[in-house]
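Novice: Show me how the following folds:
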Amino acid sequence: MVKAPDGRAIAVETLGDPRGRPVFLLHGMPGSRVGPHPRSTVLYRLGVRLVSFDRPGYGDSARLPGRRVSAAAADVRTIADELGIERFAVLGRSGGGPHALACAALLPDRVSRVAVLVGLAPRDAAGLDWYGGMTPSNVRAYREAERGHDRIAAAMRFRSEQIKADPVRLLKGLRPELTPNDREVVADTGLRRMLQSNYREAFRHGADGWIDDVLAFTADWGFKVQDITVPAWLWHGADDQFSPVEHSRWLADHIPGAELFLEPGAAHFGAFRVMTTALAWAAGHTPAPGRRP
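Specialist: Purely as a prediction, here's the structure:
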């Protein structure tokens, strides 16, 4: 547990090689510090020290009411200071993507590289149809969030209690909206076990983290992605409907020098299969493949 300057507790987990290159992993939504990640043996082979933490309101991290996406940068800096880490990379998957970008934009003296897998663009992204190609369940949630906290809180708290009691429920509920590729990915027994632990931990003390994430994504992020100056690598499954691929295309057009890899046939959960590749790049061990149709 790490204490933030405002007194909040932040739950932190470190894995892999203690002497390896530090990479912060920003979990998805909903998610927690125990979300899917490569095994420790893989992290040792990569020479990576992986640092993950529960965003405010998730797991054992205290809530930060009204937080913006930009708040993640201050928490990451606090954790890095506590662990004695001066320079580090950041990797964000899905809902962790915007928070990883916040670190890159606001901590340029600390962040060496930023990688984002199936991320989102800002809600006010000029020229982007933010809801275009997005699955109906996500459209409904974000539309309600734009109308305020009270419009989504009760429903999300009820749903989180159901998922906490039976984490498989979330995957079952998503199944009708999954592509064949995503269904194949989540059918893996090991991954399903990690996802179940992830969701159970995420809702340990309620749904506040999930609610606040959704609200933060539909409000001003508190920074501009155009201000990112560190090397950036974006990966997106071309068939993703949870975070539509046009979001990463927009990010690639607005983050100076960003490289974009679009994988045909892959979708949202395909990000788990490229996490090792992303970590290797973030740690500076390999060049990033780029494909931008």
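Novice: Not counting sequence-adjacent ones, nearest residue to residue 252?
Specialist: Distance criterion CB to CB, 6 or more residues apart in numbering; nearest residue to residue 252, sequence neighbours excluded, is residue 260 at 3.8 Å. The way it works is simple: take the backbone N, C-alpha and C, and place the C-beta from them, glycine included.
Novice: Surely the one you found is in a helix?
Specialist: No: counting by DSSP: H, G, I helix; E, B strand; the rest coil, one finds residue 260 to be strand, located in no helix.
Novice: Cross-check the contact I'm expecting between it and residue 232.
Specialist: No: counting by CB atoms under 8 Å, residue 260 sits too far from residue 232 to count as a contact (9.2 Å).
Novice: How about residues contacting the helix-or-strand element of the chain with minimal mean pLDDT?
Specialist: Every helix and strand of the chain was ranked by mean pLDDT, DSSP states H and E. The lowest is helix 168-174, at a mean of 72. For helix 168-174, contacts defined as CB atoms under 8 Å, 6 or more residues apart in numbering pick out 30, 137, 162, 163, 186, 192, 195, 196, 199.
Novice: most neighbours, which of these?
Specialist: residue 30 (26 neighbours; other CB atoms under 10 Å).
Novice: Can you tell me the SS state at that residue?
Specialist: With three-state DSSP as the criterion, residue 30 reads coil.
Novice: repeat for residue 90
Specialist: Per three-state DSSP, residue 90 ends up strand.
Novice: hmm, back to that, return the subset of the contacts of helix 168-174 lying in helices.
Specialist: 137, 162, 163, 186, 192, 195, 196, 199 (DSSP state H).
Novice: got those as a markdown table, with pLDDT and distance to residue 271 columns?
Specialist: Supplementary listing: these in a markdown table, determined by pLDDT from 0 to 100; distance: CB to CB, whole Å:
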| residue | pLDDT | distance to residue 271 |
| --- | --- | --- |
| 137 | 87 | 18 |
| 162 | 86 | 25 |
| 163 | 86 | 20 |
| 186 | 81 | 12 |
| 192 | 82 | 15 |
| 195 | 85 | 12 |
| 196 | 87 | 18 |
| 199 | 90 | 16 |
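Novice: Now distance to residue 112 too, for those residues, in TSV please.
Specialist: As requested, the ones in helices among the contacts of helix 168-174 are arranged in TSV below (distance: CB to CB, whole Å):
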residue	distance to residue 112
137	36
162	40
163	35
186	32
192	33
195	29
196	33
199	31
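Novice: which one of those sits closest to residue 61?
Specialist: residue 199 (15.6 Å; CB to CB).
Novice: While we're on the closest residue to the closest one other than its chain neighbours, how confident is the model there?
Specialist: Among residues not flanking residue 199 along the chain, residue 167 sits closest, at 4.1 Å (CB to CB, 6+ apart). With respect to pLDDT, residue 167 scores 77.
Novice: do the same with residue 189
Specialist: 86.
Novice: Break down the stretch 1-150 of the chain into its helices, ranges please.
Specialist: Applying DSSP state H, counting those that start in this stretch to the stretch 1-150 of the chain gives helices spanning 40-46, 71-83, 96-106, 136-145, 149-165.
Novice: quick revisit: out of the contacts of helix 168-174, flag the one nearest to residue 36.
Specialist: Distances from residue 36 to the contacts of helix 168-174, taken by CB to CB, are shortest for residue 195, at 6.5 Å.
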